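Asker: This is a predicted model, with the sequence first.
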Amino acid sequence: MSANTVTCSFVMDRDVYNEFKGIVSRHGENVKGNIVRYMQSVIRYDTPNADTILAIQEVQALKKDPDKKIYGSFSEVLEELDNDD
């Protein structure tokens with residue numbers, strides 16, 4: 001082990017671990033990699049809230065989309081929603 005690494009060890013409920021492992025495995029990931037990526041996201045976005053991190057990533061992706069629709073106000077959004085009915 002180098003001076004730049006740390007070993008993490010914790011105890012948790014086996015059923016919770018197995019359910020989590022099953023979910024991340026179905027998505028082609030492993031537990032360690034998933035947790036490390038989550039930690040990196042918390043650091044990058046300075047928030048531990050997974051929903052907030054996803055929302056920030058969604059906004060960043062939308063900003064890069066040249067075909068996105070832009071509204072001048074929230075009332076324009078509501079008007080378009082009313083017109084969809």
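Answerer: The structure has been received and is ready for your questions.
Asker: how would you label the residue positioned nearest the centre of the chain: helix, strand or coil?
Answerer: Nearest to the mean C-alpha position of the chain, by Cα atoms, centre = their mean, lies residue 54 at 3.7 Å. Here residue 54 is recorded as helix under DSSP: H, G, I helix; E, B strand; the rest coil.
Asker: quick one, what contacts residue 30?
Answerer: When contacts are counted by Cβ atoms under 8 Å, 6 or more residues apart in numbering, residue 30 touches residue 24. Just so you know, the C-beta spots here come from the backbone N, C-alpha and C atoms, and that holds for glycine as well.
Asker: Residues in contact with the one helix or strand residue 16 maps to: which ones?
Answerer: When elements are assigned from DSSP states H and E, residue 16 belongs to helix 14-26. Helix 14-26 is contacted from outside by 30, 31, 34, using Cβ under 8 Å, 6+ apart.
Asker: Show me what counts as buried in the helix or strand encompassing residue 82.
Answerer: Using DSSP H and E, residue 82 sits within helix 74-83. By 16 or more other Cβ atoms under 10 Å, helix 74-83 has no buried positions at all.
Asker: what sits up against it?
Answerer: Contacts of helix 74-83 (Cβ under 8 Å, 6+ apart): residue 71.
Asker: Mind checking the pLDDT average for that helix?
Answerer: Helix 74-83 comes out with an average pLDDT of 88.
Asker: Am I right that residue 47 is in contact with residue 57?
Answerer: No: look at residue 47 against residue 57 with Cβ atoms under 8 Å: they stay out of range, at 11.7 Å.
Asker: can I get the CA coordinates of stretch 37-52 in PDB?
Answerer: Taking Å, rounded to 0.1, in the frame of the first residue of the first chain, the C-alpha atoms of stretch 37-52 are listed here in PDB:
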ATOM      1  CA  ARG A  37     -17.200   6.800  -8.500                       C
ATOM      2  CA  TYR A  38     -19.900   8.000  -6.100                       C
ATOM      3  CA  MET A  39     -17.200   9.500  -3.700                       C
ATOM      4  CA  GLN A  40     -15.600  11.200  -6.700                       C
ATOM      5  CA  SER A  41     -19.000  12.700  -7.700                       C
ATOM      6  CA  VAL A  42     -19.500  14.000  -4.100                       C
ATOM      7  CA  ILE A  43     -16.100  15.700  -4.300                       C
ATOM      8  CA  ARG A  44     -16.700  17.100  -7.800                       C
ATOM      9  CA  TYR A  45     -20.100  18.500  -7.100                       C
ATOM     10  CA  ASP A  46     -19.500  19.300  -3.400                       C
ATOM     11  CA  THR A  47     -22.800  17.500  -2.400                       C
ATOM     12  CA  PRO A  48     -23.500  14.100  -1.000                       C
ATOM     13  CA  ASN A  49     -27.000  14.100  -2.500                       C
ATOM     14  CA  ALA A  50     -27.300  11.600  -5.400                       C
ATOM     15  CA  ASP A  51     -30.400  13.400  -6.800                       C
ATOM     16  CA  THR A  52     -28.600  16.700  -6.900                       C
END
